[in-house]
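Peer 1: Need coordinates for the following:
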Amino acid sequence: MNSTPLAFLKGHGTENDFVILPDPENAVDLTAALVARVCDRRAGIGGDGVLHVVRSAAHPEARHMAGEAEWFMDYRNADGSVAEMCGNGVRVFARYLEHAGHATAGDLAVATRAGVKLVHLAKDGDVTVSMGRAVLPDAGVTVTVDGRSWPARNVNMGNPHAVAFVDDLAHAGHLRAEPAYAPAAVYPDGVNIEFVADRGPRHVAMRVHERGAAETRSCGTGACAVAVAAARRDGVDPAVTGAPVTYTVDVLGGTLVITERPDGRVEMTGPAVIVAEGHIDPAWLSESAV
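Peer 2: Take a look at the predicted model:
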């Protein structure tokens, strides 16, 4: 790897941005240190995370899904840590597969650490992802910022979320550091924390601190968790009413539309854009390995 330029692309979904590393045969030694350096916004390419594109059959964590999905999204946070799922990331991942000729407009299956996700690439540019079902554990937490505390709803979308409803998004503070939450034992592997304010009927806005990445411009799984938490707060459960419910969720980087179906499936629709592609200098890669 150190003597060969490493191909990359840059993409974003509602300004949640990613470095895309195509590696079909899983040949790249993608260390945490390399991921963190690639995602560095001053000394690297810059991104909220890395989308490592690998054939499912070539990755030990995804081989069992190869019969359902040819491609595995090996997602890494900006600090190099491994994550189960990224909602904006899977839309950009699908857009890359279309860009590279591995997929066409229509339906596509993508393997992730949170299972196989079904994606629809619309001809108008939007991408819809079937994000699976939300799990709402009984255990919740209290989130605290600058001496002010709120109860937070525990929602799992394949990764953990704590959703706090606030009167003003400014109450979330700067979000460079992880907000305090208790009891910490509820989230042994860390948590994504969303602060949510109402904007209108079934319309909310959010800010998010993503574990391993600080505040990001958007979080797809977080938007899904927020929509489900808002629906329950509003007394709406599609499994009970038999009718889907849709929330518009404004993030710093744009807008996502989230629908929860009566069978529990949560669908997310939003844009996904490829903005650049090139090669990483092999000399820089060698320095990264030191």
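
Peer 1: Contact partners for A100?
Peer 2: Going by C-beta atoms under 8 Å, 6 or more residues apart in numbering, A100 touches P22. Where C-beta positions appear, they are placed from N, C-alpha and C, glycine not excepted.

Peer 1: Phi first, then psi, for it.
Peer 2: Dihedral pair for A100: phi -90, psi 0, per degrees, to the nearest 10.

Peer 1: Against E178, how distant is the residue nearest to the spatial centre of the chain?
Peer 2: By C-alpha atoms, centre = their mean, the mean C-alpha position of the chain lies nearest to C86, the distance being 2.3 Å. Between C86 and E178 the computed distance is 18 Å (C-beta to C-beta, to the nearest Å).

Peer 1: Distance-wise, check the residue nearest to the centre of the chain relative to P151.
Peer 2: Noted for C86: a distance of 26 Å to P151, by C-beta to C-beta.

Peer 1: Repeat that for V228.
Peer 2: 16 Å.

Peer 1: Neighbour count for those two, which is higher?
Peer 2: V228 (29 against 12; other C-beta atoms under 10 Å).

Peer 1: Leaving out the residues flanking it, which one is nearest to the more buried one?
Peer 2: Once flanking residues are discounted, V228 sits nearest to A134: 4.4 Å by C-beta to C-beta, 6 or more residues apart in numbering.

Peer 1: quick one, phi psi at that neighbour?
Peer 2: Main-chain torsions, A134, degrees, to the nearest 10: phi -80, psi 140.

Peer 1: What residues does it make contact with?
Peer 2: V155, N156, M157, C224, A225, V228, E260, G264, V266.

Peer 1: For it, give me the pLDDT.
Peer 2: We have a pLDDT of 97 for A134.

Peer 1: same thing with A83?
Peer 2: For A83, pLDDT reads 89.

Peer 1: Start the count at 553 instead of 1 going forward.
Peer 2: Let's use 553 as the start, then, which means that last one is A635.

Peer 1: and it, what does it touch?
Peer 2: G601, Y627, R628, N629, R665, N711, R763, G764.

Peer 1: again, only this time at 10 Å
Peer 2: 601, 625-629, 641, 664-666, 710-711, 741-742, 744, 762-765, 773 (C-beta atoms under 10 Å, 6 or more residues apart in numbering).

Peer 1: roughly how far apart are it and G710?
Peer 2: A635 is 9 Å from G710, where distance means C-beta to C-beta.

Peer 1: what's the overlap in contacts for the two?
Peer 2: The contact sets of A635 and G710 overlap at T664, R665, A666, T773 (C-beta under 10 Å, 6+ apart).

Peer 1: To what extent is the third one buried, counted in neighbours?
Peer 2: It refers to A666. 21.

Peer 1: wait, it sits on S682?
Peer 2: No: using C-beta atoms under 10 Å, A666 makes no contact with S682, being 11.8 Å away.

Peer 1: Where does pLDDT dip in this protein?
Peer 2: The chain contains residues with pLDDT under 70 at 553-554, 840-842.
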